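# next one to model:
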Amino acid sequence: MDMMAMVSTMLAAQQGALQSNIAATLTNQNLDMEKSTVLTLLGAGQPSLANVGPGVGGNLNVTA
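Residues are numbered from 1 along each chain as shown. Next up, the predicted model:
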């Protein structure tokens, strides 16, 4: 195997590793986004009362 073929093979291997790393990063970002979307749709955590009127979400006195 001549020198140019070896250099070409090494560069191709490095390019493949770089593409694999990029694909893994994008997959992780997509999974995080999907998890966030599902949690939002399920209403996980504390509900936000930022866009409701005054008095909504407060304590209710049910003694009559």
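# residue 16: helix or strand, and which one exactly?
helix 3-42 (DSSP states H and E).
# tell me the average confidence for that helix?
Mean pLDDT, helix 3-42: 93.
# and it, what's buried?
The neighbour-count check on helix 3-42 (16 or more other CB atoms under 10 Å) flags nothing as buried. In this view, the C-beta of every residue, glycine as well, is placed from N, C-alpha and C.
# figure out how far that helix is from the centre of its chain.
14 Å (CA atoms, centre = their mean, to the nearest Å).
# so residue 49, which state does it fall into?
coil (DSSP: H, G, I helix; E, B strand; the rest coil).
# tell me the confidence at it?
Residue 49 is assigned 71 on the pLDDT scale.
# what separates it from residue 56, distance-wise?
Noted for residue 49: a distance of 7 Å to residue 56, by CB to CB, to the nearest Å.
# list the contacts for residue 22?
Residues counted as contacts of residue 22 (CB atoms under 8 Å, 6 or more residues apart in numbering): none.
# ok, it to residue 16 distance?
Computed as CB to CB, the residue 22 to residue 16 distance reads 11 Å.
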